[in-house]
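**Student:** Just the structure for this:
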Amino acid sequence: MFLTPRGPESPSPLNGERVGVRGENGRQSLNLAQVTPPGFVARWAVVAAAILLQVSSPGRAADLPVAIDSRHQLFLDDYLIASQNGVKRTVEQVRKFPGNPVLWPTENWEPPKAIVYGTILRDEGKFKMWYLSGAGIGYAESDDGIRWHKPRLSLTLINGEQSNILFTRKSETKGPEAFPYFHELFGVHRDDRDPDPARRYKMGFLDIDWNYNGPDGLPWRKNQRRGLGVAGSPDGLHWKLLDNWATSAIVDGGTHWMFDPTRQKYVLYGRTLKAAPEVVTAWQTNDWFKQWFSGRAVARVESSDFLRWDFTKPDTAPVVMQADLQDKPGTEIYSMRVFLYEGLYVGLLQVFHATPAECTLDVQLVVSRDGLHFTRVGDRSPFLSVGPIGSWDRFNLSLANNDPIAVGDELRFYYSGRLYRHAPYAGQDKGEEKSGIGFASIQRDRFVALEASFDGGEIVTKPVILLGHTLRLNAKSDFGQIVVEVLDADEKLLARSKPLVQDGLDIPVQWVDRFEFPKSPVKLRIKLRNARLFALWCSRVSLSP
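**Tutor:** As a prediction, the model looks like this:
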């Protein structure tokens, strides 16, 4: 199952609910008067009125109630929270698969480094992987995403032997299959929107012209042109060049993209070099600053077709994420992989600790409500951390250019681990030039927790409209408890739940006394004792087809 991108009106990809019955001509139809619980239509009328008010008076949007429906409300930011006491937000670190790495250089034609500057897709009944293998693009397949097979193909012969390499940086191929400036893979995606079957799969990669003297040269590197190259393929194996320089606003590796259904655009988050002035002022007194600090940051461009982008010149794309004064001196933002999850733009932020004494890369979380303005999550602790001594992912983590893949109740994140540090490390513990690919997982919704210990804590939500018939939580309270209270506008108690004492991804809230959701906005007061809360939502009415 894919983690389907989800816009404002899209159903949840994971909660398994379906609403709708078959009407005339087999189309979906729904009679709300027949199937909705009492007051449901009236509550939706309140929401509709609020939306109209928002359109006519956007400045009052913050005062509008939040609709709690089947979309899971996560707590990566304070969007739903009016106040909290005795509660802290904690990043839930992913659990690394104990059998990592799942792909490692093993064949005699492979160099010692396999890096998921690339993509893992669940496609046509199997997992498919495109990755950087030395100076070329490797391809692998798997039935379960754990045991991988590297097919021997005739596309690239190495010492006369078939390999799983699709093409290499040093390829002597001429004509439309040639890639004269190819340097590094960004990723591959399947594009069923394109009517041309020869472009069903699209590849993005870093092109570099090392001897360039034209108007699109880099301001930071003389005689170089860098940008996004694009290729198309009918099967993901045989590729033809579509454009060498689709945009030069992206200037280096670590570039990722998503398709945003709310905008109907491809959105690319790529590398630029632009440090905040206050960061330069604060850090420039360090000995390493002038020689080593590059100010890596993330810029954003968008396109309707993956070929024509809104910004094309170097140093023109707007910066959407860069290091700030809350980061350790020397921090640079190496890359950002963004995906839609329950209406949120969740970002996996590859953070480079760039001082010569450290030079490691881990992954943190960021979040946005519009895909443009991102905030860092929690205390900026790693979501995915480098491994300890003895591990395969010791110093340097790279992210796959795809959404997390839902496997059962877990979200799977593929990444590369390297046994060597990034430059400009100046110490003795440099490691070895080896790397492979593995994955880590979280249970669905469990990116962050609002948690309180035995001394207890509580959160009070902003005004909400409860749309559905059952309030549900994703929470861990099996050795503590959670109690939910419903308050009116004057914070008068309307209902109290029975204590929730369990660990579950979908826990229905049961009330002490019979209670029907009111038509008017309410607040939720959630009390936690030795418990963790990950998400809440309202379940809808389920109908058979």
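
**Student:** Give me the contacts around the biggest strand by length in the chain.
**Tutor:** Longest strand in the chain by number of residues (criterion: DSSP state E): strand 431-443. Strand 431-443 has contacts (CB atoms under 8 Å, 6 or more residues apart in numbering) with 92, 94-97, 100-105, 112-116, 129, 131, 145, 384, 392-396, 407, 409-421, 505. Every C-beta, even on glycine, is put in place using the N, C-alpha and C of the backbone.

**Student:** What subset of the residues you listed is buried?
**Tutor:** The neighbour count (16 or more other CB atoms under 10 Å) marks 92, 94, 96-97, 100-105, 113-116, 129, 131, 145, 384, 392-396, 407, 410-421, 505 as buried among the contacts of strand 431-443.

**Student:** would you list every one of the strands in the stretch 201-350 of the chain?
**Tutor:** In the stretch 201-350 of the chain, the segments counted as strands under DSSP state E, counting those that start in this stretch are 201-209, 225-233, 240-247, 256-260, 265-273, 296-303, 319-321, 331-341, 344-353.

**Student:** The last one - contacts with which helices or strands?
**Tutor:** Counting by 3 or more CB pairs under 8 Å, 6 or more residues apart in numbering; DSSP states H and E, the packing neighbours recorded for strand 344-353 are strand 331-341, strand 360-368, strand 374-376, strand 396-399.

**Student:** As JSON lines, these with distance to residue 75 and mean pLDDT would be great.
**Tutor:** Output for the helices and strands packed on strand 344-353, formatted as JSON lines (distance: least, CB to CB, whole Å; pLDDT from 0 to 100):
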{"stretch": "strand 331-341", "distance to residue 75": "13", "mean pLDDT": "98"}
{"stretch": "strand 360-368", "distance to residue 75": "10", "mean pLDDT": "98"}
{"stretch": "strand 374-376", "distance to residue 75": "13", "mean pLDDT": "98"}
{"stretch": "strand 396-399", "distance to residue 75": "23", "mean pLDDT": "98"}
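
**Student:** would a markdown table of those strands with distance to residue 280 be doable?
**Tutor:** Output for the helices and strands packed on strand 344-353, formatted as a markdown table (distance: least, CB to CB, whole Å):
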| stretch | distance to residue 280 |
| --- | --- |
| strand 331-341 | 12 |
| strand 360-368 | 22 |
| strand 374-376 | 20 |
| strand 396-399 | 25 |
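
**Student:** Which one of these lies nearest to residue 517?
**Tutor:** strand 331-341 (25.6 Å; CB to CB).

**Student:** what ranges of the stretch 301-450 of the chain fall below the confidence cut-off?
**Tutor:** Within the stretch 301-450 of the chain, no stretch has pLDDT under 70.

**Student:** Can you give me every residue that contacts residue 131?
**Tutor:** 103, 114-118, 137-140, 185, 416, 437.

**Student:** so what's it closest to, chain neighbours aside?
**Tutor:** residue 118 (4.0 Å; CB to CB, 6 or more residues apart in numbering).

**Student:** Which pLDDT does the model give that neighbour?
**Tutor:** For residue 118, the model assigns a pLDDT of 97.

**Student:** do the same with residue 135
**Tutor:** Confidence score, pLDDT, at residue 135: 84.

**Student:** Which residue, other than its chain neighbours, is closest to it?
**Tutor:** Residue 135 sits nearest to residue 169 (CB to CB, 6+ apart), 3.9 Å away.

**Student:** Of all the strands of the stretch 201-350 of the chain, which one comes closest to residue 380?
**Tutor:** Nearest of the strands of the stretch 201-350 of the chain (CB to CB): strand 344-353, 8.2 Å.

**Student:** That closest one pairs with which strands, parallel or anti?
**Tutor:** Sheet pairing of strand 344-353 (DSSP bridges) gives strand 331-341 (antiparallel), strand 360-368 (antiparallel).
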